[in-house]
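Enquirer: here is my input, please return the structure:
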Amino acid sequence: MYATILVELLQGIGRFLINPLFYLTIMFAVLLGYTRVKRERKFFHIRVANGWSELKSSLTGGLLVSLVLSLVIVAAGLAVTPQFLLVLSVITIVGMILYTLHLLSSVILITASFMVLVVLNQTGMAFTFMGIEVDGAVWNDASVVPLCILAGLLVMAEGWLIRKKGAYFASPILEKTKRGMKAVAYLSKSVWLLPLLLVVPGEGISSYVPYWPQFTLGEESFSLVLFPLVIGFQQKVRKTLPIYFYPKLARTVTLLGVAITLGGITGYFMKEAAFIMLLAGSLIRLLITLQYKMQERADVYAVAPSSNGAMIAAVLPNSPAEKMGLVTGEVIKKVNGREVQTERELYEALQVNAAHCKIEVLDHHQELRLTQHVVHSDDHHGIGLLLAR
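Expert: Prediction:
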């Protein structure tokens, strides 16, 4: 049995690499990186992270969570049907085409896909695509239980990704306040590709692809499918600094994931509970997005020009500024003993001691600290700072 599973895993990886959704996600991640770099250069004449950062994060950011989830899915026997995976792929592609990353939350994608199957069943419609017959599903069918648990686990994974990656891809943009002054907001747009090992029950894949290997447990036969599940995320903040905002959002999303998972487990005793939790989970996820969006719509900016000094709008990765521990939202008061207010004053002060930079910083707790670092003549964009101006 173990040899068969190994062969199936290897073949599954090959089919994963030729799945159209895999390459569409790659192109989408490249597009996100390109538009971010273009936007940053428009506002600040330089990009923060390179344009391939979104692609790298998309392909590698979710590998660890994918491995953990795959082990849980296989161990728990959370089975999904081929027709569901087909509809899920189509719904995901539509979400990317609409360029609305709010709709690419896993619970929304899974709920929308299942509801499409329910509507097909209710209307008696059916079609065949790539050898897979899609004829719908009953809303209180047993298949809704593993879908609800899967959605809950993926929402928890979404919370983890937001915590780890949300602030990193918070791209600074300039906005005008109601008073006509310029301030800085932060826009995060990310898409993560999770290669999940899913269990397809019964004849499953082999009924459409005869050479697909299977394994058996008792009298039941199963197939394993490596599926490219996509999670999208989008959020703009202005009132709260990204490093404080995204952990709060991640905590709320994670708690929702726990609730959805518990609702799915309850479905083993009452299938209706899983269906209701799936619908409620999608609605609550949208409400969470709306709630945090409304909180950040106030005309209050955490990062704006300050009379206390030069406000840091962003720190370039791997720059001297990052090595000095400078953080977005801090205020630079003095550079090499000189008070600074603007970007020009900052870089003029750097020339006082071009080889060694000493900076006096007012941190988020309004406490002063001194930091220093060696600055080389070829360092990118001086010491690697973008300032609110």
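Enquirer: which residues are contacting the helix or strand hosting Val72?
Expert: Using DSSP states H and E, Val72 sits in helix 63-76. When contacts are defined by Cβ atoms under 8 Å, 6 or more residues apart in numbering, helix 63-76 is touched by residues 78, 149-150, 153-154, 157, 160-161, 194-199, 224. For every residue, glycine as well, the C-beta is placed using N, CA and C.
Enquirer: most surrounded residue in the residues you listed?
Expert: Highest neighbour count within the contacts of helix 63-76: Leu150, with 27 neighbours (other Cβ atoms under 10 Å).
Enquirer: quick one, what contacts the closest residue to that residue other than its chain neighbours?
Expert: Nearest residue to Leu150, sequence neighbours excluded (Cβ to Cβ, 6 or more residues apart in numbering): Leu78, at 5.5 Å. Residues in contact with Leu78, defined by Cβ under 8 Å, 6+ apart, are Val72, Pro146, Ile149, Leu150, Leu198, Val199.
Enquirer: cool, and Lys176?
Expert: When contacts are counted by Cβ under 8 Å, 6+ apart, Lys176 touches Lys182, Ala183.
Enquirer: in the sheet, who's paired with it?
Expert: Counting by DSSP bridges, Lys176 is bridged to Lys182.
Enquirer: oh, and call the first residue 18 from now on, that's how I've got it
Expert: Got it, first residue is 18 now, which makes that one Lys193.
Enquirer: distance check, it against Ala315.
Expert: From Lys193 across to Ala315, the span is 15 Å (Cβ to Cβ, to the nearest Å).
Enquirer: sorry, back to before: show me the contacts of helix 80-93 that map onto helices.
Expert: When DSSP state H defines the helices, the subset of the contacts of helix 80-93 inside them is Ile166, Leu167, Leu170, Leu171, Ala174, Trp177, Leu178.
Enquirer: care to break the chain down by domain?
Expert: Domain assignment for the chain by automatic domain parsing gives 19-312, 327-404.
Enquirer: to Ala321, which of those lies closest?
Expert: Among the domains of the chain, the nearest to Ala321 by Cβ to Cβ is domain 19-312 (3.9 Å).
Enquirer: turn the domains of the chain into a markdown table, including distance to Ala321 and mean pLDDT.
Expert: Listed next are these as a markdown table, based on distance: least, Cβ to Cβ, whole Å; pLDDT from 0 to 100:
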| stretch | distance to Ala321 | mean pLDDT |
| --- | --- | --- |
| domain 19-312 | 4 | 85 |
| domain 327-404 | 7 | 83 |
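Enquirer: can you redo those domains as a markdown table with distance to Ala319?
Expert: A markdown table is the format used below for the domains of the chain (distance: least, Cβ to Cβ, whole Å):
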| stretch | distance to Ala319 |
| --- | --- |
| domain 19-312 | 5 |
| domain 327-404 | 6 |
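Enquirer: quick one, helices of this structure?
Expert: Shown for the chain, the helices assigned by DSSP H span residues 19-34, 37-61, 70-77, 80-93, 99-115, 123-140, 161-182, 259-283, 288-312, 337-340, 360-367.
Enquirer: and the angle for the fourth one with helix 259-283?
Expert: Translated: helix 80-93. Per axes from the mean of the first three to the mean of the last three Cα atoms, to 10 degrees, the angle that helix 80-93 makes with helix 259-283 is 10 degrees.
Enquirer: in helix 80-93, what's buried?
Expert: The neighbour-count check on helix 80-93 (16 or more other Cβ atoms under 10 Å) flags Val82, Ser83, Leu86, Ser87, Ile90, Val91 as buried.
Enquirer: so what's the gap between that helix and the chain middle?
Expert: 18 Å (Cα atoms, centre = their mean, to the nearest Å).
Enquirer: now the last one
Expert: Shown here is helix 360-367, whose average C-alpha point lies 36 Å from the average C-alpha point of the whole chain (Cα atoms, centre = their mean).
Enquirer: and that helix, what's buried?
Expert: By neighbour count on 16+ other Cβ under 10 Å, the buried set for helix 360-367 is Glu360, Glu362, Leu363, Ala366, Leu367.
Enquirer: contacts only, for the residue lying closest to the third one once chain neighbours are set aside.
Expert: The shortest distance from Leu363 to any residue other than its chain neighbours is 4.6 Å, reached at Val357 (Cβ to Cβ, 6+ apart). Applying Cβ under 8 Å, 6+ apart to Val357 gives the contacts Gly326, Ala327, Ile349, Lys350, Lys351, Leu363, Ala366.
Enquirer: can you count the residues close to Lys55?
Expert: If you count neighbours by other Cβ under 10 Å, Lys55 ends up with 11.
Enquirer: from Ala96, how far off is it?
Expert: 44 Å.
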